[in-house]
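> I'd like to go over a predicted model; first the sequence, then the structure.
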Amino acid sequence: MLKASADVAVKSADGLLTRLFGPAADELGQVLGAKAKAYRARELGSTVAEASSRIREAGLEGSIEAIPFQTLYPILEGSSLVQDPTLKSLWAGLLANAAIGDSNATHPSFPRVLSELTPREAQMLATLHARGGKLMWHGLRQEYAQTFACSHVDINAAQQNLFRLNLAITTSANDAANVECLSVTDYGRSFLAAVQGPSVVNNDRGDLAPISSSAA
């Protein structure tokens, strides 16, 4: 059954690969073929299909262009290893933005950063950004611990990874220098804009909707 699912995903992705990836399509088709393990072919095919759907929903099918191989390959490689729906959606968003020529989505570090995030960390970052990009850490840590049903130690570890990836930093509250806040960096905002895809802008300011929570 796994092989059959992979075959369906490969066939559904084949036409889109040709349109999105230009001269690289034949080579990348091999990645989706017999040489790839079944689960990687299936996951990659579903990511391409979701990216195509996101482009259609945004009404941007006319903007699709071939993606440079050096940009495309890390996205496909990373997405083929992911099964978690939260992260898979972000890989699809990154692919969709790259396919419509969004220069903000083609920073070479974004696939690496995404590959080093857990679903919990992605949700934490997106929620923080959607609520203004800066919140007091003490209350936020308690909220995250309850939301994800985990310990403060786990939340602190997630925070440290966001720091390591330069997606968030610690700042002080505007009216109290001794009150610690968690803030999204400029790099973090650019990263979120890239991975959430072309159809997630939900108001005139371009704020991003929170990522739906699905896993720790």
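Alright, I've got the coordinates.

> can you pull out the strands in this structure?
For the chain, applying DSSP state E gives strands covering 134-136, 168-173, 176-184.

> Also compute the angle for the second one relative to strand 176-184, please.
Using axes from the mean of the first three to the mean of the last three CA atoms, to 10 degrees, the direction of strand 168-173 lies 150 degrees away from that of strand 176-184.

> Now strand 168-173: buried residues?
The neighbour-count check on strand 168-173 (16 or more other CB atoms under 10 Å) flags Ala168 as buried. Placement of C-beta: from N, CA and C, glycine included.

> Pairing partners for that strand, with directions?
Paired neighbours of strand 168-173 in the sheet (DSSP bridges): strand 176-184 (antiparallel).

> who touches the strand it pairs with?
Here strand 176-184 makes contact (CB atoms under 8 Å, 6 or more residues apart in numbering) with 125, 128-129, 133-138, 140, 159, 167-173, 192.

> What residues sit buried inside that strand?
Buried residues in strand 176-184, defined by neighbour count with 16+ other CB under 10 Å: Cys181, Leu182, Ser183, Val184.

> now stretch 68-86
Neighbour-count burial for stretch 68-86, counted by 16+ other CB under 10 Å, picks out Thr71, Leu72, Tyr73, Pro74, Ile75, Leu76, Gly78, Ser79, Ser80, Val82, Thr86.

> Test my guess that the fourth one contacts Leu114.
It stands for Pro74. No - using CB atoms under 8 Å, Pro74 is not in contact with Leu114; the gap is 9.4 Å.

> where in the chain is pLDDT low?
1-41, 174-177, 199-216 (pLDDT under 70).

> Let me know the distance separating the residue positioned nearest the centre of the chain from Val179.
Taking CA atoms, centre = their mean, the centroid of the chain lies closest to Leu90, which sits 2.4 Å from it. Computed as CB to CB, to the nearest Å, the Leu90 to Val179 distance reads 31 Å.

> what do you get for Pro198?
37 Å.

> just the helices in the chain please.
In the chain, the helices defined using DSSP state H lie at 2-21, 25-31, 38-57, 69-79, 85-99, 110-115, 119-130, 137-148, 152-164, 186-195.

> Out of those, which is the most enclosed?
Of all the helices of the chain, helix 85-99 carries the top mean neighbour count, a mean of 25, counting by mean count of other CB atoms under 10 Å.

> hmm, back to that, mind checking which of the strands of the chain is nearest Glu50?
Across the strands of the chain, the minimum distance to Glu50, taken as CB to CB, is reached by strand 176-184, at 24.8 Å.

> Could the C-alpha coordinates of that closest one be exported in PDB?
Presented in PDB, the C-alpha positions along strand 176-184 are these (Å, rounded to 0.1, in the frame of the first residue of the first chain):
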ATOM      1  CA  ALA A 176      10.600  47.900  32.300                       C
ATOM      2  CA  ALA A 177      14.200  47.100  31.600                       C
ATOM      3  CA  ASN A 178      14.100  44.100  34.000                       C
ATOM      4  CA  VAL A 179      11.200  42.400  32.300                       C
ATOM      5  CA  GLU A 180      12.300  39.800  29.700                       C
ATOM      6  CA  CYS A 181      10.500  39.600  26.400                       C
ATOM      7  CA  LEU A 182      10.800  37.200  23.500                       C
ATOM      8  CA  SER A 183      10.900  39.000  20.200                       C
ATOM      9  CA  VAL A 184      10.900  37.800  16.600                       C
END
